[in-house]
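Chemist: Predicted structure and sequence below. I'll ask about it afterward.
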Amino acid sequence: MNVTRIRLGVVGAVAGTLALAACERKPPVHPPAPPEVGVIAVAPQAVATTTELPGRTNAFLVAQVRARVDGIVQHRGFNEGEDVKEGQRLYKIDPAPYIAALNSAKASLAKAKANAVAATALAERDKPLVVANAISKQEYDNAVAAAGQAAAEVAAAKAAVDSAQINLHYTDVISPISGRVGISQVTPGAYVQTSQATLMATIQQLDPMYVDVTQSSVDGLRLRREFAEGRLDTAGPNAAAVTLTLEDGRAYPLQGKLQFRT
């Protein structure tokens, strides 16, 4: 009886173990499906090269207006900071002494012309007399020399008149270029001198204007080499483009063509 019980217990334990092993059996694992692979066609294409450079603006033309005659400034014909036109009168210098100098030069010219007429007429009268031996050859030569000297005096008087007219013209200080005028360095009542080349005002032409940028020599040589080798385009739809960005980040609109200087 005891032996039977022991056998039954062993059989029951074995059966329990078999049942537990049957419960823990897993289904067979299948291999994973192959992953999907995409295909991309590779082709060469142009890539833009961007370089940011610091720069500053400079006027296209700068003209310093200086006194060309001595005198007292009578009038100023512009407002500081406004745009002026080429040929516009900026200042008026007292013209009185230059008007007097011009009148004196004109009077000297008239006197020289009168002397020239008399000297020429005398030489013409002496010409037949010297042929007839009525006067000496020396006397005739003196008359001819006097006529020539009178003609030279006329030419010198004309030059003096031209010089006086130029000086009178310089009493109107005009703008040599169109642009924006800065601070006036003189006021009405100031005395200006040509010997000191008195600076009166400065005018800057801002349209067009230069933008000077700073670039290292290494980068500059590299860009030149790439342009020479054809790796960068200088013309056509892919040509080099330039944009200007202000300090506040806004883009400055560029109008017309750009001109580069190195």
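Modeler: Received the coordinates, thanks. Numbers count the residues shown, from 1 in each chain.

Chemist: which residue ranges form the helices in the stretch 51-200 of the chain?
Modeler: All helices of the stretch 51-200 of the chain, identified by DSSP state H, counting those that start in this stretch, fall at 96-131, 137-169.

Chemist: Would you mind giving the ones you listed as JSON lines with mean pLDDT, mean neighbour count and distance to Ala41 added?
Modeler: (Glycine included, C-beta is placed from N, CA and C.) Output for the helices of the stretch 51-200 of the chain, formatted as JSON lines (pLDDT from 0 to 100; neighbours: other CB atoms under 10 Å; distance: least, CB to CB, whole Å):
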{"stretch": "helix 96-131", "mean pLDDT": "93", "mean neighbour count": "15", "distance to Ala41": "84"}
{"stretch": "helix 137-169", "mean pLDDT": "95", "mean neighbour count": "16", "distance to Ala41": "77"}
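
Chemist: Please tabulate those in a markdown table, including the columns distance to Arg76.
Modeler: A markdown table is the format used below for the helices of the stretch 51-200 of the chain (distance: least, CB to CB, whole Å):
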| stretch | distance to Arg76 |
| --- | --- |
| helix 96-131 | 18 |
| helix 137-169 | 18 |
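
Chemist: Quick check: chain neighbours aside, which residue is closest to Pro54?
Modeler: Leaving aside its chain neighbours, Pro54 sits nearest to Thr214 (5.6 Å; criterion: CB to CB, 6 or more residues apart in numbering).

Chemist: I misspoke; the intended subject was Leu61.
Modeler: Excluding its sequence neighbours, the residue lying closest to Leu61 (CB to CB, 6+ apart) is Gln205, at 3.9 Å.

Chemist: Neighbours of that neighbour, how many?
Modeler: Burial measure for Gln205: 17 neighbouring residues, criterion other CB atoms under 10 Å.

Chemist: Kindly confirm my reading that it is in a strand.
Modeler: Yes: assigned with DSSP: H, G, I helix; E, B strand; the rest coil, Gln205 falls within a strand.

Chemist: quick one, what contacts it?
Modeler: Neighbouring residues of Gln205 by CB atoms under 8 Å, 6 or more residues apart in numbering: 59-62, 177-180.

Chemist: The same query, at a cut-off of 10 Å, please.
Modeler: Gln205 is in contact with 59-63, 83, 86, 177-180, counting by CB atoms under 10 Å, 6 or more residues apart in numbering.

Chemist: Now list the buried members of those residues.
Modeler: 59, 63, 177-180 (16 or more other CB atoms under 10 Å).

Chemist: Among the residues you listed, which one lies nearest to Lys137?
Modeler: Closest to Lys137 out of the buried ones among the contacts of Gln205 is Ala63 (61.2 Å), distances taken as CB to CB.

Chemist: residues in contact with that closest one?
Modeler: Shown in contact with Ala63 (CB under 10 Å, 6+ apart): 86, 175-179, 181, 201-205.

Chemist: switch the cut-off to 7 Å
Modeler: Going by CB atoms under 7 Å, 6 or more residues apart in numbering, Ala63 touches 176-177, 203.

Chemist: same check, this time on Ala116
Modeler: By CB under 7 Å, 6+ apart, Ala116 lies in contact with 150-151, 153-154.

Chemist: Let's have those in JSON lines, adding distance to Arg68.
Modeler: Formatted as JSON lines, these follow (distance: CB to CB, whole Å):
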{"residue": "Ala150", "distance to Arg68": "33"}
{"residue": "Ala151", "distance to Arg68": "31"}
{"residue": "Glu153", "distance to Arg68": "28"}
{"residue": "Val154", "distance to Arg68": "27"}
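
Chemist: Report the central residue of the chain.
Modeler: Computing the C-alpha centroid of the chain and ranking residues by CA atoms, centre = their mean puts Phe60 first, at 2.1 Å.

Chemist: How much space separates that one from Asp212?
Modeler: Per CB to CB, to the nearest Å, Phe60 is found 12 Å from Asp212.
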